[in-house]
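**Q** Have a look; sequence and predicted model below, questions after that.
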Amino acid sequence: MLQTKDLKFTYDHQNKFSFPDILCNTGEHWLLLGTSGSGKTTFLHLIGGLRKPQEGHINIDGQDLATLRGSRLDKYRGQHIGIVFQQSHFVRALSIAENLELAQQLAGLKRDRSKIMKILKRLNIEEKADTKPHRLSVGEQQRASICRALVNEPRIILADEPTSALDDKNCLEVLELLKQQAQEDDITLLIVTHDTRLKSQFQHQIHLTEPANQ
C-alpha cells in the first residue's frame, strides 16, 4: 500500500509544488500523467525516497518514508521500492548480472546469482547476464531495468517515463512486462509519464495537468 498526504516540495522561491493525496492499494496499477513543469518527476522522487518533502507524509505498508534518514532510508528504499528510470543508469563497467548483484548489495542483502538468473529468465534476457549494458538494445536495457527493480522483491515499483523514448511496439511490450511482473508478485505499480499512449491501459489514474507552482 502506498499513501501520500499533504506533500509539498520547494526547489526555490519560484518553484513550489503541492501534490494531491493518493492511495494506491497493494497490487493496484496506477498511471500518473503530467505536463511539463507539473512536478510529476519530483513527485516520483519524493515517493521513492530520492528527495525529502518539506511537508507531508509518504506511507508504504505502515512505514512513513519521510521519517527515515541516511543509511536507514537507503536500505529501506533498496529493499522495498523498485525504480525504473527512462534511462537505465547501469554501471557501464559491470555486466547486467553484476549490476543486479550490486543492487542486492546496496540494499544490505546477500548477493544471490541464482535469484538473478531466475529474474532474467522471467524477462527472457538470461542470455544477456554477462553482457555489458551498452551492448544491449534499448528494449533489452528496459527489460534489464525491470529486472533490477524486481530483484529485491519490492512492495512498490515506480517507473519514471519508461516508454516515452520507445516506438509503439516496444512501448506496449515494456508496459505489459511491467504490469505482468507486478501482477505476478502482487506489487503496487505507479507509472509517471507524459506519454498519453498509456491512458487507455489504466483504470486508476492521477492527472497533474497544470503546473503545481504556487
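**A** Yep, it's here. Bear in mind the structure is a predicted one, so any value in this text is a computation, not a measurement. Numbers count the residues shown, from 1 in each chain.

**Q** When you work out contacts or count neighbours from here on, use the C-alpha atoms and nothing else.
**A** Will do.

**Q** Quick one: find the helix or strand in this protein with the lowest mean pLDDT.
**A** strand 15-18 (a mean of 85; mean pLDDT, DSSP states H and E).

**Q** buried set for the next helix or strand along the chain from that strand?
**A** Per DSSP states H and E, the first helix or strand lying C-terminal to strand 15-18 is strand 22-24. By neighbour count on 16 or more other CA atoms under 10 Å, the buried set for strand 22-24 is residue 24.

**Q** ok, and what's touching the helix or strand that comes right after strand 22-24?
**A** Where DSSP H and E defines the elements, the next helix or strand beyond strand 22-24 is strand 29-34. With contacts defined as CA atoms under 8 Å, 6 or more residues apart in numbering, strand 29-34 is touched by 24, 40, 179, 188-196, 198-199, 202-210.

**Q** Can you say which of those are buried?
**A** Listed as buried from those are 24, 40, 179, 188-195, 198, 208; burial here means 16+ other CA under 10 Å.

**Q** rewinding a little: which ones among the contacts of strand 29-34 map onto helices?
**A** Residues of the contacts of strand 29-34 located in helices (DSSP state H): 40, 179.

**Q** Could you pull up the residues touching residue 204?
**A** 29, 30, 31.

**Q** So in terms of bridging, what pairs with the second one?
**A** Residue 30 forms beta bridges with residue 190, residue 204, as assigned by DSSP bridges.

**Q** what about it, neighbour count?
**A** Other residues lying near residue 30 total 22 when counted by other CA atoms under 10 Å.

**Q** which one of the buried ones among the contacts of strand 29-34 sits closest to residue 153?
**A** Among the buried ones among the contacts of strand 29-34, residue 188 lies closest to residue 153 (CA to CA), at 11.6 Å.

**Q** Quick check: phi and psi at residue 52.
**A** As for residue 52, its main-chain torsions (degrees, to the nearest 10) stand at phi -100, psi 130.

**Q** can you pull the buried residues of the least confident helix or strand of the chain?
**A** Neighbour-count burial for strand 15-18 [16+ other CA under 10 Å]: 17, 18.

**Q** Please enumerate the helices of the chain.
**A** Taking DSSP H to define them, one finds helices in the chain at 40-47, 70-80, 96-106, 113-122, 138-150, 168-184.

**Q** if you compare those, which one is most tucked away?
**A** helix 138-150 (a mean of 24; mean count of other CA atoms under 10 Å).

**Q** got any ranges where the protein has weak pLDDT?
**A** Along the chain, the model assigns pLDDT under 70 to residues 209-214.

**Q** Could you give the bridge partners of the closest residue in space to residue 83 that isn't next to it in sequence?
**A** Leaving out its chain neighbours, the residue that sits closest to residue 83 by CA to CA, 6 or more residues apart in numbering is residue 158, at 4.8 Å. According to DSSP bridges, the residues that bridge with residue 158 are residue 83, residue 190.
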